[in-house]
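Novice: 3D, please:
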Amino acid sequence: MAAEEASQDVVLLQQHALDTEFFVRRGVRKGFQAMSLAALPLYAAFSFSRYGRNHFTISRLLRASYIGGGVGAVGGGAFEYARSAYSKPDAVRTRRMQVAYDAADIRADDYSTIGAVLFAVLTPAIFWKRAGAIDLVLGGGAIGSATGVLTHHFKSITGDRPPTVVTPPPQKTVD
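Specialist: Residues are numbered from 1 along each chain as shown. I've put the predicted structure just below:
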């Protein structure tokens with residue numbers, strides 16, 4: 001009897017750890033997307049107001065975009081870890097089920113990935129002599145990720161919304 005209860009507790013802890021890992025990965029993605037989007041106008045405003053037009057370069061803009069995205073990824077992952085690891089396992093499981101079936105969230109991630117790959121290839125082709133290879137590829141990916149998220153939101157605003165999926169009820173984890 002005691003061994004069976006201990007086994008159930010281990011299974012619940014493992015499921016909670018997997019749910020937490022899922023949300024940490026999601027937080028990293030969402031943090032990268034948000035800060036990649038916010039870094040461009042923030043850096044441009046800071047650079048123009050502080051140094052003027054002479055110090056604004058493509059290389060610095062690309063570097064700011066992927067550094068901002070990296071900071072967002074770390075912050076988003078840390079936030080989701082703190083939120084999920086210290087929440088009740090049943091609440092985390094229910095939230096995971098809701099997020100896993102959210103078609104709008106999945107479409108935003110898909111568009112972000114497509115944009116990141118596309119811009120990581122196109123940015124070096126367009127700005128080859130204006131920045132280093134690392135800044136071109138990583139910065140292009142960050143700008144593409146932000147562009148993909150903007151495309152998703154623009155399509156949602158103009159009426160092309162992803163379908164609504166009914167979330168199945170959470171199952172009992174251990175019988």
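Novice: Setting aside sequence neighbours, what's the nearest residue to the residue most central in space within the chain?
Specialist: Most central in the chain under C-alpha atoms, centre = their mean is R29, positioned 1.8 Å from the mean C-alpha point. Spatial nearest neighbour of R29, excluding adjacent residues (C-beta to C-beta, 6 or more residues apart in numbering): D109 at 6.1 Å. Bear in mind the C-beta positions are built from the backbone N, C-alpha and C, glycine included.
Novice: So the one you found sits against V28, correct?
Specialist: No. If you go by C-beta atoms under 8 Å, D109 and V28 don't touch, sitting 11.4 Å apart.
Novice: Can you name the residues in contact with stretch 27-39?
Specialist: Applying C-beta atoms under 8 Å, 6 or more residues apart in numbering, the contact partners of stretch 27-39 are 64-81, 108-109, 112, 142-143, 145-146, 148-150.
Novice: again, but for stretch 134-142
Specialist: Counting by C-beta under 8 Å, 6+ apart, 32, 36, 39, 59, 61-63, 65-66, 68-69, 116-117, 119-124, 127-128, 131 sit against stretch 134-142.
Novice: Which positions in stretch 80-100 come out as buried?
Specialist: E80, Y81, S84, S87, P89, V92, R93, R95, R96, M97 (16 or more other C-beta atoms under 10 Å).
Novice: Not counting the helix or strand encompassing A116 itself, show me its contacts.
Specialist: Here A116 sits within helix 103-126, counting by DSSP states H and E. Contact with helix 103-126 is made by 29, 33, 62, 99, 133, 136-149, 151-153, 156, 161-165, as judged by C-beta under 8 Å, 6+ apart.
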